[in-house]
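Peer 1: sequence first, predicted model second:
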Amino acid sequence: MSEIVRTSGSLRKRLMITLISGAAVLAIVLFLIVRGYATQIAQNGQDNILSASVSSLLDAAVVQDGTVEVDFPYSSFSMLDTELDDRVFYGIYQDGRLLSGYEDLPRPSLKDGERRSFQTLDYAGTTVRLASAKRTLVGATGRTEISVSIAQTQDALSQTLGDISQTVTLFGTGFFLLIVLLSYWATTVTINPLMRLAMSVQRRGPQDLSPFRKEVPSEMVPLVSSLNTLMGRLDHSLTQSEDFIAEAAHRVRTPLATVRSYADATLQRVTKKQNRDALRSMVRAIDESSRAASQLLDHAMITFRADHLEKKQIDLVALVQELVVRLAPIAEMKDVTLDFAHDDVVTTKGDIILLQNAIRNLIDNALKYAPNESDIYISVKSDPNPNVMVLDQGPGYPVEDFDNLTTRFARGKNADGVVGSGLGLTIAKDVAVAHDGDLLLSNHEKGGACAILSL
Amino acid sequence: MRYFITVIAMFFTWSASAQDWEDRSVFSGADTSQSLRVLSSTDTSFFEPIINKFRIAYPNVSVEYLVTTTAEIDKIFRASPEDYDVVISSAMDLQLKLVNDGYAAKIANVETPDWAKWRDSLFAFTIEPAAIVINKAAFLGHKIPKTRQELIQSLRARPALFQDKLGTYDVRESGLGYLFATQDARASETYWRLMEVMGGLGTKLYCCSGAMIDDLESGKIAVAYNVLSSYAKARKGQDTSIEIILPADFPTTMMRTAIVSDSTINVKNAENFVRHLLDIQSEGQKDATTSLPSLFLNPGEQTIPLEPALMTYLDRLKRKTFLLEWERAIVQ
């Protein structure tokens, strides 16, 4: 029955992928921003120290007797000491001419009006940060411009940045993993109501067409209400057809009874063998029709009652005993003995009318197929759960039809010539299922059909 | 092992070599192709035990040990860094500047304290305070000065006795003398007063500690200021006429340092030499065979720190200013 449903990916997967890729993008962006910011701060730190060092050199410059002296303090270079012993290069210039320091150090590139500049450049085989500043001195002989450049390698800076990157990577990865876990949790929480709904649809019995009453998230309301509407319509149309069948059966049964009494009366009157045979055939056909009609009625009744099951405490022994007594006359007609055995007390909870109907159908079946002058063994036991067994000495069930015997209007292949509608076992089975039990059919090893209604 | 080690010490006359070495010794190894040229300011006698131990560990390597002044070392090495494998000097500032200027190779994973190395290239292997060394005879019956201030008082108290009987480094010639002088001047103004007092009494100027101690022993001078205590201690073993005073006001402590030339082709041997040197000199392996002080610092003691600031007084302008002031004080 299950049709192949076409899928367009999984909601859970889609949600997870969206959340995780979003988190990954965020983690990378966070890493880049923090690293960029850290680089800027670290660079600012180095620039500040270089700038202070340059200032202290520049401040020490004085013009004395026409010559420039720069008696800068020890601390000018001392402050440039770093954890990784970065190298220091410097140049002191008077009007662009080197006074002291490293000859090949790039000259300060100070534009007019610019007092301070910072550059990152390659020098002495490595990357250095160069800070420059200038100052105009006024001496006896005129104005002179002193500029100072100090360059420092960036080993400590790189290490700091490396450390920061490592820490940020660690945090980023941590956050990412946390978000993955959160996504999984969020996805599960979101998907769960849907899964619960799907499960409860799956778990429902074939007869259960009642609407869903449980609370669902607002997004699922349209789906569930559509489903409820659909099931309501289905239930309605099923009920209608059951009603129709019951009504039809009822309407057919009464005229049939009339026709049968007329046929019986006529049978008394005709004497020709040919006519009598025809009438007998007619009576049998009428019997069969009326039985089918009453079983259809029974079935409709059972379907209805199964939907609104009223469970009461029942004495199963008494129930079967009564049936045995009631059916004894019919058995006597075939010289069949109903052999009834039972445990002392067997009680169960259930609908008495349904159970009566089911068990009567089982005994009816046995009576129909049991040969003349044979025994039908009926037992009621409470172990392992309350069950009723009916065993006859007839031909047994046709092996190849076991699976179909309990479907409507299916009759065993050996049923030819036996009056029946094919609803008996169906009714018994439906009643068993309605009581959360089962109907077990088997063939006895010495021949004969064995039906066990287990509750 | 000693049998296999031939120590050939060759003393070149002043004119025999293109370069004027104070001392040049070759310690031959089994394999003539492997040789190390060590440029050093430390007297051969101090280094011979260390080199001999190195040769026991590396018998194939020949060592050529070249001695000159710290200022000369800087000049020679900067001129041709590829000719020398290891540079050893007591002038920390010059050594640090060599590293800063990229003349030294890095040696990885050397086990030495942080304060005793710079950029994994410059490695300190001794701790040597500068000392005031006196001839005891001059202080008979007088209080022996413990600080620079007390020395000034002593000198002022008996100027006639000390006239022309004082000695110190000629900081214009000696790199170590210049380092001591600049660090003293940085630490306290007392230095300048002492120099003025010493200048007034006619101080003799020396190239090196050895010469100062020679003159102290012979009685030519009575007080020598800023003498390497290690040299003085080594000499004191034989002589009881001198006394070594480590100034109590503030100590100036130097570390002898070694670097491996960045342009050497004997990288492995040069590195091994420096590692070996540090092994011998590091604490706990102090060997009686060498008279160099080990690399051991008592808690609370400090040396001149290895930092870029050492380059301050190497600046041309700073040096000019300092020397001018120094000359004004002492060369009167």
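Peer 2: Great, that's in hand.
Peer 1: please make it C-alpha for all contacts and neighbour counts, starting now.
Peer 2: OK.
Peer 1: quick one: low-confidence ranges for chain B?
Peer 2: B:1-18, B:239, B:283-290, B:332 (pLDDT under 70).
Peer 1: so residue A:137: helix, strand or coil?
Peer 2: strand (DSSP: H, G, I helix; E, B strand; the rest coil).
Peer 1: now do the contacts for residue B:182.
Peer 2: By C-alpha atoms under 8 Å, 6 or more residues apart in numbering or on different chains, the contact list for residue B:182 reads B:313, B:322.
Peer 1: where's it, which helix or strand?
Peer 2: Using DSSP states H and E, residue B:182 maps to helix B:175-187.
Peer 1: in stretch A:141-158, what's buried?
Peer 2: A:146, A:147, A:148, A:149, A:150, A:151, A:152, A:153, A:154, A:155, A:156, A:157 (16 or more other C-alpha atoms under 10 Å in any protein chain shown).
Peer 1: give me the spatial nearest neighbour of the third one, chain neighbours excluded.
Peer 2: Closest residue to residue A:148 in three dimensions, ignoring its sequence neighbours and counting by C-alpha to C-alpha, 6 or more residues apart in numbering or on different chains: residue A:92, at 4.7 Å.
Peer 1: isn't the one you found up against residue A:99?
Peer 2: Yes: here residue A:92 reaches residue A:99: they are 5.4 Å apart, a contact under C-alpha atoms under 8 Å.
Peer 1: between those two, which one's more packed in?
Peer 2: Using other C-alpha atoms under 10 Å in any protein chain shown, the more surrounded residue of residue A:92 and residue A:99 is residue A:92, with 29 against 21.
Peer 1: what parts of chain B come near chain A?
Peer 2: Proximity of chain B to chain A, by C-alpha under 8 Å from any C-alpha of the partner chain, involves residues B:100-102, B:118-119, B:186, B:307-312, B:315-318, B:321.
Peer 1: mark which of those are buried, thanks.
Peer 2: Buried among these (16+ other C-alpha under 10 Å): B:100, B:102, B:118-119, B:307-312, B:315, B:317-318, B:321.
Peer 1: just the ones in strands from those, please.
Peer 2: Counting by DSSP state E, those place residue B:118 in strands.
Peer 1: thought residue B:202 was touching residue B:160?
Peer 2: No: Residue B:202 lies out of contact with residue B:160 (C-alpha under 8 Å); the separation is 11.0 Å.
Peer 1: on that earlier part again, dump the buried residues of stretch A:141-158 into JSON lines; add secondary structure as well.
Peer 2: JSON lines is the format used below for these (three-state DSSP):
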{"residue": "A:146", "secondary structure": "strand"}
{"residue": "A:147", "secondary structure": "strand"}
{"residue": "A:148", "secondary structure": "strand"}
{"residue": "A:149", "secondary structure": "strand"}
{"residue": "A:150", "secondary structure": "strand"}
{"residue": "A:151", "secondary structure": "strand"}
{"residue": "A:152", "secondary structure": "strand"}
{"residue": "A:153", "secondary structure": "strand"}
{"residue": "A:154", "secondary structure": "coil"}
{"residue": "A:155", "secondary structure": "helix"}
{"residue": "A:156", "secondary structure": "helix"}
{"residue": "A:157", "secondary structure": "helix"}
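Peer 1: of these, which is the nearest to residue A:398?
Peer 2: Nearest to residue A:398 among the buried residues of stretch A:141-158, counting by C-alpha to C-alpha, is residue A:157 at 92.3 Å.
Peer 1: any idea how far the closest one lies from chain B?
Peer 2: 15 Å (C-alpha to the nearest C-alpha, to the nearest Å).
Peer 1: got it, and residue A:349?
Peer 2: 88 Å.
Peer 1: okay, and the beta partners of that residue?
Peer 2: Beta bridges link residue A:349 to residue A:313, judged by DSSP bridges.
Peer 1: quick one, what contacts it?
Peer 2: For residue A:349, the contact set (C-alpha under 8 Å, 6+ apart) comprises A:311, A:312, A:313, A:314.
Peer 1: so who does the last one touch?
Peer 2: In other words, residue A:314. Shown in contact with residue A:314 (C-alpha under 8 Å, 6+ apart): A:347, A:348, A:349, A:350, A:352.
Peer 1: just the buried subset of these, written out for PyMOL, thanks.
Peer 2: To isolate the buried members of those in PyMOL, using 16+ other C-alpha under 10 Å:
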select buried, chain A and resi 347+348+350+352
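Peer 1: nearest to residue A:258, of the contacts of residue A:314?
Peer 2: Residue A:258 lies nearest to residue A:352 out of the contacts of residue A:314, by C-alpha to C-alpha, at 31.1 Å.
Peer 1: mind checking how far the closest residue to that closest one other than its chain neighbours is from residue A:347?
Peer 2: Nearest non-adjacent residue to residue A:352, counting by C-alpha to C-alpha, 6+ apart: residue A:314, 6.8 Å away. Distance, residue A:314 to residue A:347, using C-alpha to C-alpha, to the nearest Å: 5 Å.
Peer 1: tell me, what residue is most central in the chain?
Peer 2: No chain was given, so I picked chain A. Residue closest to the average C-alpha location in chain A (C-alpha atoms, centre = their mean): residue A:195, at 3.5 Å.
Peer 1: I was thinking of chain B, sorry if that wasn't clear
Peer 2: Nearest to the geometric centre of chain B sits residue B:90, at 3.5 Å (C-alpha atoms, centre = their mean).
Peer 1: so what's it closest to, chain neighbours aside?
Peer 2: Residue B:90's closest residue in space is residue B:256 (C-alpha to C-alpha, 6+ apart), at 4.4 Å.
Peer 1: residue of the stretch 251-400 of chain A closest to chain B, please.
Peer 2: In the stretch 251-400 of chain A, no residue comes nearer to chain B than residue A:384, which is 82.1 Å away by C-alpha to the nearest C-alpha.
Peer 1: what about the helix or strand encompassing residue B:66, distance to the chain center?
Peer 2: In the assignment (DSSP H and E), residue B:66 maps to strand B:62-67. Distance of strand B:62-67 from its chain centroid, counting by C-alpha atoms, centre = their mean, to the nearest Å, is 17 Å.
Peer 1: low-confidence ranges in the stretch 201-350 of chain A?
Peer 2: In the stretch 201-350 of chain A, residues with pLDDT under 70: A:206-207, A:307-308.
Peer 1: so how far is residue A:197 from the residue of it found nearest chain B?
Peer 2: With C-alpha to the nearest C-alpha as the measure, residue A:217 is the residue of the stretch 201-350 of chain A nearest to chain B, at 65.3 Å. Taking C-alpha to C-alpha as the criterion, residue A:217 is separated from residue A:197 by 11 Å.
Peer 1: the two: which has the busier surroundings?
Peer 2: Relative neighbour count places residue A:197 above the other of residue A:217 and residue A:197, with 16 against 10, counting by other C-alpha under 10 Å.
Peer 1: what helix or strand is that one on?
Peer 2: Here residue A:197 is assigned to helix A:155-203, by DSSP H and E.
Peer 1: how about residue B:131?
Peer 2: For residue B:131, the host element (DSSP H and E) is strand B:128-135.
Peer 1: now do the buried residues in the very next helix or strand once past that strand.
Peer 2: Per DSSP H and E, strand B:128-135 leads on to helix B:148-157 as the next helix or strand towards the C-terminus. Buried positions in helix B:148-157, judged by neighbour count with 16+ other C-alpha under 10 Å: B:148, B:149, B:151, B:152, B:154, B:155.
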